[in-house]
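J.: next come a sequence and a model predicted from it.
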Amino acid sequence: MTYGDAIEFLYGLRLFGAKFGLENTLRLAAQAGNPHRSLRFIHVAGTNGKGSTCAMLESIYRHGGLRVGLFTSPHLVSFRERIQVNRQPVPEADVVRLVAELQPLLARFPRDQHPTFFEVITVMALRYFAEQRCELVIWETGLGGRLDATNIVTPLASVITNIGFDHQQWLGTTLAAIAAEKAGIIKTGVPVHTAAADAEALAVIHSHAVRLNAVVHVLSEANLGRCLPEHWIVPLAGAHQRMNAALAVAVVKSLGTIIPIPAETTRRGVESVHWPGRLQTLTARSGQKLLLDGAHNTPGCEALARAICDLSADTRPALVLGMLEDKDSGTMCAQLAPLSQRIGLVRVASARTAAPDALAAHCRLANSTAEVKCFDSVRQALLWLEAEPLVVVTGSLYLVGEVLALLNPDGTSADERGLNEWR
């Protein structure tokens, strides 16, 4: 088997769609030797900021001398980004080996109960982290929490970054319903940390925690400074990233009796964090500035809009926008279109892409004076805007991944980005 063969096998697992429930993951993990039982976890759920918070936790503990596993999704360019040890993506040879080892186990499942792509890679990650003798794993949920494949672990701490509207067709149409799914990661006696601000969502989190005798620590704007001193530098742009950083620091402090990390080490970890695709500024060969952000729902676009106003007060950026069809495109366009006078609407490289014409109608409604054009690809849109000093590309992490691949043509093929697809 080659690496290409392994990726093709994983690609085929998409045929089994997305399923919610823990039975398959528990069964596959048991057949793989229950690798999660030898590991320690911090489990992170939430509507936005999960990946950034995970990256900050990983950086802090790695600077503290631990061997740290990191499991996140989706990937931007390469599948290997999803499974990292000390920020080194899993090697191609290990992907091949792990796939080969799991194939005989998967053959034991009836076809109508076959594990999905995400269930399989969850167990792949667990086995790899156990083999690598990780001392701590930063463990991001895929979707929701309660029935997400990652929820087979019992962590040292549960983290719920925030609660907002996204994936309503799966998680519910109210903040209370969504909070209940996220709060499903809470375990008996395991402390919970959250920066959720909505009163209804917080009430649900508290209710779950009380039932499970878990202490809840709530981080708010009012007490942010207790965890993150103002003079600490957060290299990820945007005010919302200071909240994510403070949440990570709060978790580290609370676990200090289990894994002690000195304050100065925590600071170095925060100030050294790197997490691409989140308000990431790149410079093209022409000198043009590109600001890439994976805002893919209304809370994310709201945070991005605030950040754009803060970061480019003297320059009105051009905008390249593409998103998936299941998003609240009207609200997202209304949040972003007023910030720009030149807007390119594009198809995302996904079967679930929203039509550029539909996005254009929303943008024209929100900003009647803007020049709005539709394109079949992000490459075409960037060519149209090549004279603009600053271009913001957003609406989907998939779209951000496309741009990163365009800027690094020697990187991974589009076939690996296609692994993010599911039905």
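T.: Right, received. Where do you want to start? Numbers count the residues shown, from 1 in each chain.

J.: mind listing the helices for the stretch 51-200 of the chain?
T.: In the stretch 51-200 of the chain, helices defined by DSSP state H, counting those that start in this stretch lie at 92-106, 117-131, 168-171, 175-182, 199-211, listed in chain order.

J.: neighbours around the closest residue in space to S38 that isn't next to it in sequence, how many?
T.: Leaving aside its sequence neighbours, S38 sits nearest to A130 (CB to CB, 6 or more residues apart in numbering; 5.2 Å). Just so you know, the C-beta spots here come from the backbone N, C-alpha and C atoms, and that holds for glycine as well. A count of nearby residues for A130, using other CB atoms under 10 Å, gives 19.

J.: relative to V123, how far out is A130?
T.: Taking CB to CB, to the nearest Å as the measure, A130 falls 11 Å from V123.

J.: please apply the same query to A195.
T.: Counting by CB to CB, the gap from A195 to V123 is 30 Å.

J.: that older thread, worst mean pLDDT among the helices of the stretch 51-200 of the chain?
T.: Of all the helices of the stretch 51-200 of the chain, helix 168-171 carries the lowest average pLDDT, namely a mean of 76.

J.: show me what it is packed up against.
T.: Under the contact criterion of 3 or more CB pairs under 8 Å, 6 or more residues apart in numbering; DSSP states H and E, helix 168-171 touches helix 175-182.

J.: what about dumping the CA coordinates of the helix it packs on to PDB?
T.: Provided in PDB are the C-alpha atoms of helix 175-182 (Å, rounded to 0.1, in the frame of the first residue of the first chain):
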ATOM      1  CA  LEU A 175     -29.200  27.700  21.700                       C
ATOM      2  CA  ALA A 176     -30.500  25.500  24.500                       C
ATOM      3  CA  ALA A 177     -30.700  22.500  22.200                       C
ATOM      4  CA  ILE A 178     -27.200  23.200  20.800                       C
ATOM      5  CA  ALA A 179     -25.800  23.700  24.300                       C
ATOM      6  CA  ALA A 180     -27.200  20.300  25.400                       C
ATOM      7  CA  GLU A 181     -25.300  18.600  22.500                       C
ATOM      8  CA  LYS A 182     -22.100  20.400  23.400                       C
END
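
J.: joint contacts of A130 and V123?
T.: Contact with both A130 and V123 is made by residues P35, according to CB atoms under 8 Å, 6 or more residues apart in numbering.

J.: got the contact list for the spatially most central residue of the chain?
T.: The chain has G51 as the residue nearest its centroid, 4.0 Å off, counting by CA atoms, centre = their mean. Taking CB under 8 Å, 6+ apart as the definition of contact, the neighbours of G51 are 72, 140, 275, 278.

J.: thought the residue nearest to S38 was touching F41?
T.: No - with contact defined as CB atoms under 8 Å, A130 and F41 do not form a contacting pair (11.8 Å).

J.: follow-up on the earlier one: how far away is the residue nearest to the centre of the chain from H75?
T.: Here the criterion is CB to CB. By it, G51 lies 11 Å from H75.

J.: also G17?
T.: Shown here: G17 relative to H75, a distance of 19 Å by CB to CB.

J.: can you show me the strands along the chain?
T.: Across the chain, reading from the start of the chain, the strands by DSSP state E fall at 41-45, 68-71, 83-85, 88-89, 136-140, 157-160, 192-194, 216-218, 280-283, 289-292, 318-321, 342-346, 371-375, 390-394.

J.: are any of the contacts of G51 buried, and which?
T.: Listed as buried from those are 72, 140, 275, 278; burial here means 16 or more other CB atoms under 10 Å.

J.: most widely separated two among these?
T.: Taking CB to CB as the measure, the buried ones among the contacts of G51 reach their widest spread between E140 and R278, a distance of 13.7 Å.

J.: is it true that A250 touches C227?
T.: Yes - in this structure A250 lies within contact range of C227 using CB under 8 Å: 4.6 Å.

J.: overlap of the contact sets of the two?
T.: Common contacts of A250 and C227, defined by CB under 8 Å, 6+ apart, comprise L219.

J.: pull the contacting residues for V96.
T.: For V96, the contacting residues are 1-3, 5-6, by CB under 8 Å, 6+ apart.

J.: more crowded one of A195 and V123?
T.: The neighbour count for A195 versus V123, taken as other CB under 10 Å, is higher for V123 (29 against 24).

J.: from A196, how far out is the more buried one?
T.: From V123 to A196 the distance is 30 Å (CB to CB).

J.: give me the buried positions along stretch 171-183.
T.: The neighbour-count check on stretch 171-183 (16+ other CB under 10 Å) flags 171-172, 175, 178-183 as buried.

J.: contacts for it next, please.
T.: Contacts for stretch 171-183 (CB under 8 Å, 6+ apart): 45-47, 141, 143-147, 160, 163-166, 168, 196, 198, 200-205, 208-209.

J.: buried ones among the residues you listed?
T.: So, by 16+ other CB under 10 Å, the buried ones in these are 45-47, 141, 143-147, 160, 163-166, 196, 198, 201-202, 204-205, 208-209.

J.: thinking again about what came up before, how much space between the residue nearest to the centre of the chain and R82?
T.: Applying CB to CB, one obtains 11 Å for the distance of G51 from R82.

J.: again, but for A45
T.: For A45, the distance to R82 (CB to CB) stands at 17 Å.

J.: same deal with G49?
T.: Between G49 and R82 the distance, using CB to CB, works out to 18 Å.

J.: what stretches of the stretch 201-350 of the chain score poorly on pLDDT?
T.: Counting by pLDDT under 70, the stretch 201-350 of the chain contains low-confidence ranges at 313.

J.: what ranges does it have for its helices?
T.: In chain order, the stretch 201-350 of the chain shows helices spanning 224-227, 239-254, 263-271, 298-311, 329-336, with DSSP H, counting those that start in this stretch as the criterion.

J.: how about stretch 266-274, which residues are buried there?
T.: Going by neighbour count (16+ other CB under 10 Å), the buried part of stretch 266-274 is 266-267, 269-270, 273.

J.: ok, these vs R67, which is closest?
T.: Proximity of these to R67 was ranked by CB to CB; the top entry is G269 with 14.5 Å.

J.: that closest one is in contact with L66, isn't it?
T.: No - under the criterion of CB under 8 Å, G269 makes no contact with L66, lying 10.6 Å away.

J.: re the thing from before, L156: which of the helices of the stretch 201-350 of the chain is closest?
T.: Across those, the minimum distance to L156, taken as CB to CB, is reached by helix 239-254, at 8.9 Å.

J.: just the CA atoms of the closest one, as PDB, please.
T.: Output for helix 239-254, consisting of C-alpha atoms alone and laid out as PDB, is shown next (Å, rounded to 0.1, in the frame of the first residue of the first chain):
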ATOM      1  CA  ALA A 239     -10.100  40.300  20.000                       C
ATOM      2  CA  HIS A 240     -11.900  36.900  20.100                       C
ATOM      3  CA  GLN A 241      -8.600  35.200  20.100                       C
ATOM      4  CA  ARG A 242      -7.700  36.800  23.500                       C
ATOM      5  CA  MET A 243     -10.800  35.100  24.900                       C
ATOM      6  CA  ASN A 244      -9.700  31.800  23.400                       C
ATOM      7  CA  ALA A 245      -6.200  32.300  24.900                       C
ATOM      8  CA  ALA A 246      -7.700  33.200  28.300                       C
ATOM      9  CA  LEU A 247      -9.800  30.100  28.200                       C
ATOM     10  CA  ALA A 248      -6.800  27.900  27.500                       C
ATOM     11  CA  VAL A 249      -4.800  29.500  30.300                       C
ATOM     12  CA  ALA A 250      -7.700  29.000  32.700                       C
ATOM     13  CA  VAL A 251      -7.700  25.300  31.900                       C
ATOM     14  CA  VAL A 252      -4.000  25.000  32.400                       C
ATOM     15  CA  LYS A 253      -4.200  26.800  35.800                       C
ATOM     16  CA  SER A 254      -7.000  24.500  37.000                       C
END
